[in-house]
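Undergrad: got a predicted structure plus its sequence, pasted below:
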Amino acid sequence: MKDGVNGVALAVFIFFFLAVTVMGFLAARWRKAENDSLDEWGLGGRSFGTWVTWFLLGGDLYTAYTFVAVPAAIYAAGAAGFFAVPYTILVYPLIFTFLPRLWSVSHRHGYVTTSDFVRGRFGSKGLSLAVAVTGILATMPYIALQLVGIQAVLDVMGVGGGENTNWFVKDLPLLIAFGVLAAYTYSSGLRAPALIAFVKDTLIYIVIAVAIIYIPIKLGGFDDIFAKAGEAFSQTNPATGKPRGALAPADPGQWTYATLALGSALALFMYPHSITATLSSRSREVIRRNTTILPLYSLMLGLLALLGFMAIAAGVKVTNGQLAIPQLFEDMFPSWFAGVAFAAIGIGALVPAAIMSIAAANLFTRNIYKDFIRPDATPAQETKVSKLVSLLVKVGALVFVLTMDKTVAINFQLLGGIWILQTFPALVGGLFTRWFHRWALLAGWAVGMIYGTFAAYGVASPTQKHFGGSSKEIPGIGEIGYIGLTAFVLNVLVAVVLTFVLKAAKAPDGIDETKPEDYTADAGDPGVQVELPPATAGTSH
C-alpha cells in the first residue's frame, strides 16, 4: 500500500463526485410535476422509459459493495465467490414471469410498495406490516455497506489519516459524502439516482473493460494469473488448518454453491429498492424489455469477479479483503485512471444508497405511518414524512458504519438476504393465486424468519462465534446449504399446510381488492392510474 494521499487520484475522484452532486440537485427539475405526491418523489412520477429504467435498475442492483465484495470473495476463497454470476443469470427469467404482473396491478391501484400490494391482495394489514418491517430491516445494513464501499476507496487513497487519527478527521470525508447524498435525495427523490446512474454505469463499464485487458497484460496473461491464484489457494490457512480456497468448488461445497445461487436469485427482487426502481417505469412493456437486456450486467459481473484472481497474482496484501480491489487499482493503474476507478466505486455507492433509503422510507410511510398512525394523511403529508424518514434511514446506516465493526455490517446484510426471501410467498404467490390464506402466509413468514435468524446465529467462523456465515447443514439431507433457502422451504410448507387447515375450518379470509384483468393491464388501458389526482393519491381501492 502506498504511503500518503494519492493527490491525482483524489482530484479525479472529487471532480466526478462534484459532477454527480450537481446532477443530483438538477434532477429535481427533470420531468418536474406540479403535484407533491409520493408517486412523484418516491417513484419519479412513474415516467421512466426503457433506458432510464435499465440504468436505474443496474445502478440499483450492481452496487459499490458488489464492485468490492464479489472479487473480494474470489480473492479470499476462490471460485466459490462466483455464485453471484449464476444467480444473476437465474433471476432474469424469473422476474420476466412476475414483474410485469406486479407493475400492472400496482399502476391500476396506485400501489407504491410491495406491502401495498399484499394488503390489497389479501386484505391483511398484519401481513402487509410483516412485509414492510422485513423490507426495512433487510435494507438498512445494505445501505451501510454502500458507505463501507466509499470508506474502502477513501482508505486506499490515503484520505482521513491512519487508525490513530482523530475520529472526526478520519471520518470527515465520509460525513461529507453522506451529507451531499442526503441533501440531493431529499430534494430530488428518485429522479436523482436515476440521472446519476448514467454516469455510474458508464464509468463502471469503462473501468472493467480497461481492467480486463490492461491488468492481464501487465501480469503476463491469464495463464500466469490462474497459476499464481491456484498456488496461493493451495496454501494452508493457519486459522482453519485447511487450504485457503480453490479455483473450483470441491464436491462438498457444491450444495452450498447451488443453494446460495438459487436462494439469492429468489431474494434479489424481493428487496424494496428493486421494486421501487421497477414501479418507476412508465409501461408494462418497459419492464419486459428490461428483463431481456439486464443480463448485460451479468457479463460485466463475470469479468469483475476475475479481478479477485488478478489481485492475488499482483501480490496485493491486505488484512481487510474489501480493500483488495481498490488496492489493485491503486497499484496497477496510473494515478489518473485509478481516480476514475475509485469514482466508479464511490458513485456506485451513492446511487443504490439513495434508492434504498427512498424505498425504506416509502415502506414506512405507506405501510406503517398511513396504515397505523395517520390513515387520513394527504399525499403532501405522505411525501414530507417519506423525505424525513429517508434522512433518518441514512443517518442510521452512517451510525452503523462509524460505530460498529465492518464484519457486523456484512453479517447483517447476509441476514437481510435470509429475511427478505421470506416475503416471496406472499408477494410472488399473491401475483398468481389467491389460494393462500392470509394467516397461513403470516405464520409461514414467522417460521421462516425465526428459523433463518437462529440458524444464522449458530454459524461460527474463525473470527467470530455468531453470524459467521449464511450456510448450514440442511435438516433431513445432511448437506451444507444456504440457510435462507431452507427457511424459505419451511415457510412454504407451513403456508400450504395451514391454508388447508384454515380453509377447512372456514376461517375468515380477507377481501381481495384486485381483479384478474388488473394483472395484465398496461399504461394505455382504461382505469390504469399512471398519475393519481391529489384527492385520491395514496388511498386504498
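TA: Arrived safely.

Undergrad: any idea of the mean pLDDT in the helix ranked longest in the chain?
TA: For the chain, the helix that runs over the most residues, judged by DSSP state H, is helix 125-157. Rounded to a whole number, the mean pLDDT of helix 125-157 is 88.

Undergrad: following element in sequence after it, please.
TA: Sequence-wise, the next helix or strand beyond helix 125-157 is helix 167-188, with elements assigned using DSSP states H and E.

Undergrad: need the next SSE after that following helix, C-terminal direction.
TA: Along the chain past helix 167-188, the next helix or strand (assigned with DSSP H and E) turns out to be helix 191-219.

Undergrad: list the buried residues of the next helix or strand after that next one.
TA: As assigned by DSSP H and E, the chain's next helix or strand after helix 191-219 is helix 222-234. For helix 222-234, a neighbour-count test (16 or more other C-beta atoms under 10 Å) marks 225, 228-230, 232-233 as buried. Where C-beta positions appear, they are placed from N, C-alpha and C, glycine not excepted.

Undergrad: now swap in stretch 108-124 and tell me
TA: 108-124.

Undergrad: so where's this protein uncertain?
TA: The chain contains residues with pLDDT under 70 at 1-4, 31-35, 160-170, 238-241, 249-252, 404-410, 463, 523-541.

Undergrad: find the residue at the geometric middle of it.
TA: The structure's the chain has its C-alpha centroid closest to residue 61; by C-alpha atoms, centre = their mean the separation is 5.3 Å.

Undergrad: quick check: that residue vs residue 182, distance?
TA: Here residue 61 is placed at a distance of 22 Å from residue 182 (C-beta to C-beta, to the nearest Å).

Undergrad: repeat for residue 30
TA: As for residue 30, its distance to residue 182 is 19 Å (criterion: C-beta to C-beta).

Undergrad: tell me which of those two has more neighbours.
TA: The residue with more neighbours, out of residue 30 and residue 182 and counting by other C-beta atoms under 10 Å, is residue 182; that gives 20 against 16.

Undergrad: and that one, how close does it get to residue 413?
TA: Residue 182 sits at a distance of 21 Å from residue 413 (criterion: C-beta to C-beta).

Undergrad: next: residue 290.
TA: Using C-beta to C-beta, we find residue 290 at a distance of 25 Å from residue 413.

Undergrad: and residue 106, how far from residue 118?
TA: When C-beta to C-beta is applied, the distance between residue 106 and residue 118 equals 11 Å.

Undergrad: quick one: work out the angle between the helix or strand residue 56 falls within and helix 191-219.
TA: In the assignment (DSSP H and E), residue 56 maps to helix 50-61. Using axes from the mean of the first three to the mean of the last three C-alpha atoms, to 10 degrees, the interaxial angle of helix 50-61 with respect to helix 191-219 works out to 70 degrees.

Undergrad: comparing residue 290 and residue 413, which shows the higher neighbour count?
TA: residue 290 (24 against 21).

Undergrad: contacts for the helix or strand harbouring the more buried one, please.
TA: Using DSSP H and E, residue 290 sits within helix 284-293. The contact list for helix 284-293 (C-beta atoms under 8 Å, 6 or more residues apart in numbering) reads 48-50, 53-54, 57, 92-93, 95-96, 99-100, 103-104, 278, 281, 520-523.

Undergrad: buried residues, it. List them.
TA: By 16+ other C-beta under 10 Å, the buried positions in helix 284-293 come out as 284, 286-287, 289-291.

Undergrad: and for stretch 312-322?
TA: By 16+ other C-beta under 10 Å, the buried positions in stretch 312-322 come out as 312-314, 316, 318, 321-322.

Undergrad: which members of the residues you listed are the farthest-apart pair?
TA: 313 and 322 (18.9 Å; C-beta to C-beta).

Undergrad: the stretch 401-541 of the chain: helices as residue ranges?
TA: All helices of the stretch 401-541 of the chain, identified by DSSP state H, counting those that start in this stretch, fall at 406-421, 424-432, 438-457, 483-504.

Undergrad: which residues sit against stretch 179-187?
TA: Under the contact criterion C-beta under 8 Å, 6+ apart, stretch 179-187 has outside partners 17, 21, 24-25, 27-28, 192-193, 350, 353-354, 357-358, 387, 390-391, 394-395.

Undergrad: then that stretch to PDB, C-alphas only?
TA: Backbone C-alpha positions of stretch 179-187 (Å, rounded to 0.1, in the frame of the first residue of the first chain) are rendered in PDB as follows:
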ATOM      1  CA  GLY A 179     -24.400  14.900   3.700                       C
ATOM      2  CA  VAL A 180     -24.400  15.500   0.000                       C
ATOM      3  CA  LEU A 181     -26.300  12.200  -0.700                       C
ATOM      4  CA  ALA A 182     -28.900  13.100   1.900                       C
ATOM      5  CA  ALA A 183     -29.400  16.600   0.500                       C
ATOM      6  CA  TYR A 184     -30.000  15.800  -3.100                       C
ATOM      7  CA  THR A 185     -32.100  12.700  -2.300                       C
ATOM      8  CA  TYR A 186     -34.300  14.900  -0.100                       C
ATOM      9  CA  SER A 187     -34.800  17.500  -2.800                       C
END
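
Undergrad: coming back round to it: only the buried subset of the contacts of stretch 179-187, as a ChimeraX command please.
TA: A single ChimeraX command is used to select the members of the contacts of stretch 179-187 judged buried by 16+ other C-beta under 10 Å:
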select :17,21,24,27,28,192,193,350,353,354,357,358,387,390,394
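
Undergrad: inside helices: which ones of the contacts of stretch 179-187?
TA: Secondary structure from DSSP H places 17, 21, 24-25, 192-193, 350, 353-354, 357-358, 387, 390-391, 394-395 of the contacts of stretch 179-187 in helices.

Undergrad: taking these together, which two end up most distant?
TA: Every pair in the ones in helices among the contacts of stretch 179-187 was compared (C-beta to C-beta); the two farthest apart turn out to be 17 and 387, at 22.9 Å.

Undergrad: how much space is there between residue 386 and residue 296?
TA: According to C-beta to C-beta, residue 386 and residue 296 sit 32 Å apart.

Undergrad: those two - which one has more neighbours?
TA: Per other C-beta under 10 Å, whichever of residue 386 and residue 296 has more neighbours is residue 386, with 25 against 12.

Undergrad: next helix or strand past the helix holding residue 56?
TA: Scanning forward in sequence from helix 50-61, with DSSP H and E defining helices and strands, the next element found is helix 64-77.

Undergrad: next secondary structure element downstream of that next one?
TA: With DSSP H and E setting the assignment, the helix or strand that follows helix 64-77 is helix 84-109.

Undergrad: can you pull the buried residues of that next one?
TA: Of the residues in helix 84-109, those buried (16+ other C-beta under 10 Å) are 84-92, 94-95, 98-109.

Undergrad: how far is the longest helix of the chain from where the chain is centred?
TA: 8 Å (C-alpha atoms, centre = their mean, to the nearest Å).

Undergrad: the chain should start at 205 in everything you say after this.
TA: All right, first residue 205 from here; so that's helix 329-361.

Undergrad: for it, buried residues please.
TA: Buried-residue list, helix 329-361, by 16+ other C-beta under 10 Å: 329, 331-361.

Undergrad: what's the local residue count around the spatially closest residue to residue 245 that is not a sequence neighbour?
TA: Nearest in space to residue 245, with sequence neighbours left out and distances taken as C-beta to C-beta, 6 or more residues apart in numbering, is residue 393 at 3.7 Å. Neighbours of residue 393 under the rule other C-beta under 10 Å: 27.
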